[in-house]
Each structure stands twice: as C-alpha cells, then as structure tokens.
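Asks: the following block contains a protein sequence and its predicted model.
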Amino acid sequence: MAGRIEDYALIGDMQTAALVCRDGTVDWLCLPRFDSHAIFAGLLGTEEHGFWRIGPAHAADAQPPRAARRTYRGDSLILESEWDTPRGTVRVTDFMPPRDGAPQLIRIVEGVSGRVPMRSALRMRFSYGRVVPWVHKHEGRTVAVAGPDSVWFDTDCETYGKSLTTYSDFTVAPGDRIAFTISWEPSHKQPPPLPEPEQSLEATEDFWREWVEHCTYHGPYREAVIRSLITLKALTYAPTGGIVAAPTTSLPEDVGGVRNWDYRYTWLRDAAITLSSLLRTGYREEARAWREWLLRAVAGDPENLQIMYGIAGERELGEAELDWLPGYENSAPVRVGNGAAHQLQLDVYGEVTEALHLGHMTGLARNDYASLLQLKLIRYLEQHWDEPDEGIWEVRGPRRHFVHSKVMAWVAVDRTIKLIESGDADGPLEKWRELRDDIHRDVCEKGYDKERNTFTQSYGSKELDASLLLIPQMGFLPPDDKRVIGTIEAIQRELSTSDGFILRYPTSGGDENVDGLPGDEGAFLACSFWMADDLAMIGRVDEARKLFEKLLALRNDLGLLAEEWDPRQKRQVGNFPQAFSHVPLIDTALRLTASGAYGG
C-alpha cells in the first residue's frame, strides 16, 4: 500500500517529477513529461504497478523501514533521507538534474556510520502499470523496453532479476558512495550517455542556489515562501513555460470516493495566479515564458478559450478511466485526461487579464499581441458575461450564474480599462466603463442577500462559496464595505470546519451536491489562506496570523501541501503537491509581512 500523501517528497527537473515515500520508495514517475504515462504507478495501485525502493535490507514479510530523518539540501529540490539501523546509519540522496538531454532520476547511497546492508528493488511497469517491459542487458547496461519507450538503469553494483524485478544487494560503510540512475530515451534512438551522478549533483545544487537568489522576499516567513516558490518552479514545464496544477492524477479529495482528477495540465487560472506570486517575489523570466506560452496556446482563437491546455498548449485532453488500477487507498476511478477542459468558466478571463496586468505593472517587457489578446477577451466577455457557467470549482452539475465568475468578469474589464488608460492599448473606453458598471451593479443586485448581509454562491441561491473571499482582494469592493465584512463572517460561520479551516462550498454527502458528485471533501487549503488574507484586510490581523500559522503547521515535514485537508482523519488529501495551495501561502505571507502581523 502507498504511504499517506504527506509521506511523500517531490523531486523533479522542470519537465517531470517523482514522488518519493518516507521508506525510500519512488511510487510515482511519468516519463518523459508530467503528462506522460507513468513507469512507477504504485501510488495508485500496488507494487505490481511499478516502484523503485532503495533502503536498508529487511525481511521479505516485514514493512520497509521508514527514514528517521529527511530534508531538502538547503534551498533545493535535492532530497536527503537517513535511516538509523542496528548496524549503522545510511543516507540516500535523490534528485533529478535540470535536463539538457535524457531525463534522469539519480539516487546516491552514502554510508554514514557502521556497515549497513542495503537493497535496491526496481520494478518498471509502463503505461501506468499495465505493461511489463522487456528487460535485458545491452553493452553492460540494463535496459527496459516497451513500445516507444526505453528506460536505462545504470549502477556499479551487481544486479540480478527475480520475479520480474531488478535487485541490487550491497553493504555501505562510512565514506562509501554508490550511485543508481535511470534515464529515459525513445526506444528507437541510441542509448543515452552514461550518467555522471556526482557532477550532476553539483550542477543541480548550483542551479537551485542561483535560482533562489533572485527571490526578493526576506520576511519572517521566508522558509515557507522559498519552499513554495521552489515547488512552483518544479511544476513549470521548462521547454514551454506551461505550469501544471500538480504532478499527479487521481489522488482523492475524498478517500475511497470518486472525486479523483488528473491535474497534470495547465489551468489558465492556476497558472495565472502562480505567475502573480512569482512576479511579486522577483521572478520575471517565468512570467515572460508563461505569457509566451499563453499566446501560443490561445493563438488566434480567443473566442474558444479553454480553461486548461496541455503543457505544450495541446487542446485535446480527453478523459479516460484506467480500470486496471484500484486507485489510491481504493479511491476509484483513476482518471487520465480531464473532461473539464471544454467547460465554460468565465472567471478564467479575469485571472488571465489580472496576470497580464500585473506583468505590465511590474515592468515586464511590452508585448503587443498580449495587449491585443486582452482586448479580444473583453470583446468576448461583452457578449457572454451574463451567461451561466460551471465556475471556478468546475461543477459537473447544471450551469449557474456564479457570483465569483461575474466578479472576475468585472476584473477583466477593469484591468483592460487600466491598460487603455495607461496609453498602451486602444479601445472603446467609455463603452467598457459602462460595461464595468453594469457587471458591478448586476452582482450587487442579484448576488447579494440583504437579509443575511452576505454575497451568495450564485444568483438566487442561499448557499455560500469561499471564492467570495476574493471580492476585496480583487478590488471589486473595499475591505471595509459592510457587505464584504458580512460575507467574511458568514463564511466563517457556515463553511468553517471544527478546526477553523474553510470548505469551498457545502456538500451534503448525497447525490444532490452543487458539483453533481456524491461524497464530501476536505477543507480547501487555498480558501483557508484566502480567509487569512481577508481577515488581515479588515483589520483582524492577529486572527489572520493565527490562522496562517495553523495552515503552515499542516505542511508535511518538507514544507509541501496537497489540495485539501481532511479534518476528520487529520491528513492531506487531493493531488500533491498542489500549486493552488502554495500560491496563496506566498500571497498571505506577503500580506502579513507588509502589515507587520507576525509573531516574534
């Protein structure tokens, strides 16, 4: 059985990523891209679906021992895990070098004290655990081949095969360093070059050190902010600038339930808010690369804007179920692709426009086509802003007039008006000022419950929605507006869990939820960060700080967050690590630092 979600560490090379469990098992790795088929899919099934474990040798009928300690080496994505055994202490260093050739996962075993018997067990299964590859020797190297893929396994240790698994048994003493590497290459090409593990380790450490030096945040939450920034960078697909929402698919929002989705794609919303955080902390190059990705993905057809694309801008992301995988803790189905790609989510226009606006305001070099795209998006919104949609939460129930969608349509128009007012674009200024006023008036009349003094999830609804917390953050209304304060307090009353975290919206656990799905879900971490932001904005800064620090305490020992927190089982749930959790962490840290609302 796979470990708990918080038991995993992330390593990656800005093109794909692996999850490494506390017991030294790589249970998830897709090659060569984030959205490729997995060669290790044990995370969503069993060891029969692929894994790679390196750790102290143990009895066949015993659980693999868990590392006593693990950490990232400084401000990097290099994982160091240490085991204390009766025979001594051993360290395993796991990393993926930022690539200029074949993707590699390198694992270096180092003796710290004593003499420790070790074992590497490598079971490659292609196509998400469905295909057993042909494993053989080629010029002294081990290679696994299936269809278009080949994975090369290199080590100085002796290896042997047993039960369709490649093993290495060895002992390490102080000063010993033994490396293991897997490299991917298309099966019709020549073998990848022999790895150079020590040189790659040094280069990887240098890469991350230099990248972190660009961070402009030096406040009291620097450790949490830096780790979140590194995670966001790791979720960026370097060749194109696209940003995945998470490197995993089908980690459940409700363990044992059906709320399991593939997040290995670029949501315009997630990518836009990610870029906003990167820009606020000094990372303009990532913003420039994403803007170029956006322009290529949308191309000349903004009227058919999708809410998500593939990491190279692909439009077709057809959803399928992998029925041979039982799912994480039997949470089926396991899905690949995402059928929400063609939903109508009007808020996306606002997030994209806000990101382009922030890039403009922070000095990103002007791009005339980006300005042209922004104008085209508003012309589309002119005709469609008053339609119902599926909204920010991608409901699979009926379309509604979601208040957050209308607010973000207002944001799109507002930021475009500011672009025209700055002299960097031309457009019908007065006409769009009237449109901005019309949207604002419509929301305040139809999306506000006067009796309860709160905005509601959708027009005519009595339900609340945590996305309403973004109303003051987007400038739709000032923080001291009584309607804003009333909404914040209503969400605290009606959408808080027993430990003070925030749900996205009510779910009854039956068949009639607004999202069209059975079951419940955990507290949505982004929404809880939004609440901390809002509390700071309305002057309740001590309360904001306490909530923020409670949220920081939910991170795993390596500073990583999934999408949600299950308040009943006290564990992380959902895809992991999740950009949409780490982005608001950064934003809230910046706001609290600016307000001086922090302890110590």
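Replies: Structure received. Residues are numbered from 1 along each chain as shown.
Asks: tell me where the stretch 51-200 of the chain has helices.
Replies: For the stretch 51-200 of the chain, the helices defined by DSSP state H, counting those that start in this stretch cover 126-129, 197-212.
Asks: so what touches the first one?
Replies: Same thing as helix 126-129. Helix 126-129 is contacted by residues 37-39, 41-42, 44-45, 48-50, 132-133, 144, 146-147, 149, 322, 324-325, 334, 336 when judged by C-beta atoms under 8 Å, 6 or more residues apart in numbering. The way it works is simple: take the backbone N, C-alpha and C, and place the C-beta from them, glycine included.
Asks: then the last one?
Replies: When contacts are defined by C-beta under 8 Å, 6+ apart, helix 197-212 is touched by residues 73-78, 93, 95-98, 104, 106, 108, 177, 179, 181, 226, 229-230, 233.
Asks: so among those, which ones count as buried?
Replies: 73, 75-78, 93, 95-98, 104, 106, 108, 179, 181, 226, 229-230, 233 (16 or more other C-beta atoms under 10 Å).
Asks: filter the residues you listed down to just the ones in strands.
Replies: The strands, defined by DSSP state E, take in 93, 95, 104, 106, 108, 179, 181 from the buried ones among the contacts of helix 197-212.
Asks: the fourth one is in contact with A179, isn't it?
Replies: Yes - counting by C-beta atoms under 8 Å, A179 is a contact partner of I106 at 6.5 Å.
Asks: need the overlap of contacts for these two.
Replies: Residues touching both I106 and A179 (C-beta under 8 Å, 6+ apart): 195, 197.
Asks: any low-confidence regions in the protein?
Replies: Counting by pLDDT under 70, the chain has low-confidence residues at 1, 300, 508-520, 597-600.
Asks: can you give me the buried ones in stretch 462-473?
Replies: Buried residues in stretch 462-473 (16+ other C-beta under 10 Å): 464-472.
Asks: in what helix or strand does the closest residue to G282 other than its chain neighbours lie?
Replies: Sequence neighbours aside, T216 is the residue nearest to G282 in space, at 3.6 Å (criterion: C-beta to C-beta, 6 or more residues apart in numbering). Taking DSSP states H and E as the definition, one finds T216 inside no helix or strand.
Asks: the stretch 251-400 of the chain: helices as residue ranges?
Replies: Under DSSP H, counting those that start in this stretch, the stretch 251-400 of the chain gives helices at 268-280, 284-298, 347-361, 368-384.
Asks: adding mean neighbour count and distance to P506, write those out as CSV.
Replies: CSV is the format used below for those (neighbours: other C-beta atoms under 10 Å; distance: least, C-beta to C-beta, whole Å):
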stretch, mean neighbour count, distance to P506
helix 268-280, 24, 22
helix 284-298, 19, 34
helix 347-361, 23, 20
helix 368-384, 17, 28
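Asks: out of those, which gets nearest to P193?
Replies: Proximity to P193 (C-beta to C-beta) singles out helix 284-298 among the helices of the stretch 251-400 of the chain, at 27.2 Å.
Asks: tell me the angle that closest one makes with helix 197-212.
Replies: 90 degrees (axes from the mean of the first three to the mean of the last three C-alpha atoms, to 10 degrees).
Asks: may I have the beta-bridge partners of the closest residue to R73 other than its chain neighbours?
Replies: Nearest residue to R73 in three dimensions, chain neighbours excluded: E80, at 5.6 Å (C-beta to C-beta, 6+ apart). Beta-bridge partners recorded for E80 (DSSP bridges): T71, T93.
Asks: quick one, what contacts E80?
Replies: So E80 contacts 70-73, 91-93 (C-beta under 8 Å, 6+ apart).
Asks: how near is it to A68?
Replies: 12 Å (C-beta to C-beta, to the nearest Å).
Asks: kindly report the same for E549.
Replies: 27 Å.
Asks: who has more neighbours, these two?
Replies: For E549 versus A68, neighbours defined as other C-beta atoms under 10 Å are more numerous around E549 (15 against 12).
Asks: and that one, which of the three is it?
Replies: In three-state terms, and counting by DSSP: H, G, I helix; E, B strand; the rest coil, E549 is helix.
Asks: quick one on the thing from earlier: how many residues are close by the residue nearest to G282?
Replies: Counted with other C-beta under 10 Å, the neighbours of T216 add up to 8.
Asks: of all the ones in strands among the buried ones among the contacts of helix 197-212, which comes closest to Y309?
Replies: Q104 (27.1 Å).
Asks: touching, the closest one and I182? I think so.
Replies: Yes - contact criterion C-beta under 8 Å: Q104 and I182 qualify, at 7.0 Å.
Asks: what are the buried residues along the helix or strand that contains R436?
Replies: R436 belongs to helix 429-446 when assigned by DSSP H and E. By 16+ other C-beta under 10 Å, the buried positions in helix 429-446 come out as 432, 435-436, 439-440, 442-443.
Asks: will you turn those into TSV that also has distance to T166?
Replies: Shown next, in TSV, are the buried residues of helix 429-446 (distance: C-beta to C-beta, whole Å):
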residue	distance to T166
W432	63
L435	63
R436	63
I439	61
H440	63
D442	63
V443	60
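Asks: quick revisit: let's have the buried residues of stretch 462-473 in a markdown table, adding distance to R125 and secondary structure.
Replies: Shown next, in a markdown table, are those (distance: C-beta to C-beta, whole Å; DSSP: H, G, I helix; E, B strand; the rest coil):
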| residue | distance to R125 | secondary structure |
| --- | --- | --- |
| L464 | 45 | coil |
| D465 | 41 | coil |
| A466 | 39 | helix |
| S467 | 40 | helix |
| L468 | 45 | helix |
| L469 | 43 | helix |
| L470 | 42 | helix |
| I471 | 48 | helix |
| P472 | 49 | helix |
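Asks: would you format those as a markdown table with distance to H360 included?
Replies: As requested, the buried residues of stretch 462-473 are arranged in a markdown table below (distance: C-beta to C-beta, whole Å):
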| residue | distance to H360 |
| --- | --- |
| L464 | 34 |
| D465 | 30 |
| A466 | 29 |
| S467 | 25 |
| L468 | 27 |
| L469 | 26 |
| L470 | 21 |
| I471 | 23 |
| P472 | 22 |
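Asks: quick one: which of the residues you listed is nearest to T454?
Replies: L464 (6.7 Å).
Asks: wait, the closest one touches T454, no?
Replies: Yes - when contacts are counted by C-beta under 8 Å, L464 is listed as touching T454 (6.7 Å).
Asks: any shared contact partners between the two?
Replies: Residues touching both L464 and T454 (C-beta under 8 Å, 6+ apart): 487, 490-491.
Asks: of these, which belong to helices?
Replies: If you go by DSSP state H, the shared contacts of L464 and T454 have 487, 490-491 in helices.
Asks: neighbour count and distance to M308 added to those residues, as a markdown table?
Replies: Shown next, in a markdown table, are those (neighbours: other C-beta atoms under 10 Å; distance: C-beta to C-beta, whole Å):
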| residue | neighbour count | distance to M308 |
| --- | --- | --- |
| T487 | 27 | 28 |
| A490 | 18 | 31 |
| I491 | 25 | 27 |
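Asks: which one of those is nearest to N260?
Replies: Distances from N260 to these, taken by C-beta to C-beta, are shortest for I491, at 26.6 Å.
Asks: list the contacts for the closest residue to the closest one other than its chain neighbours?
Replies: Of all residues not flanking I491 in the chain, L464 sits nearest, at 5.5 Å (C-beta to C-beta, 6+ apart). Contacts of L464 were listed using C-beta under 8 Å, 6+ apart, and they are 454, 456-457, 487, 490-491, 494-495, 505-506.
Asks: and for L44?
Replies: L44 sits in contact with 2, 28, 128-129, 249-250, 322, 325-328, 334, where contact means C-beta under 8 Å, 6+ apart.
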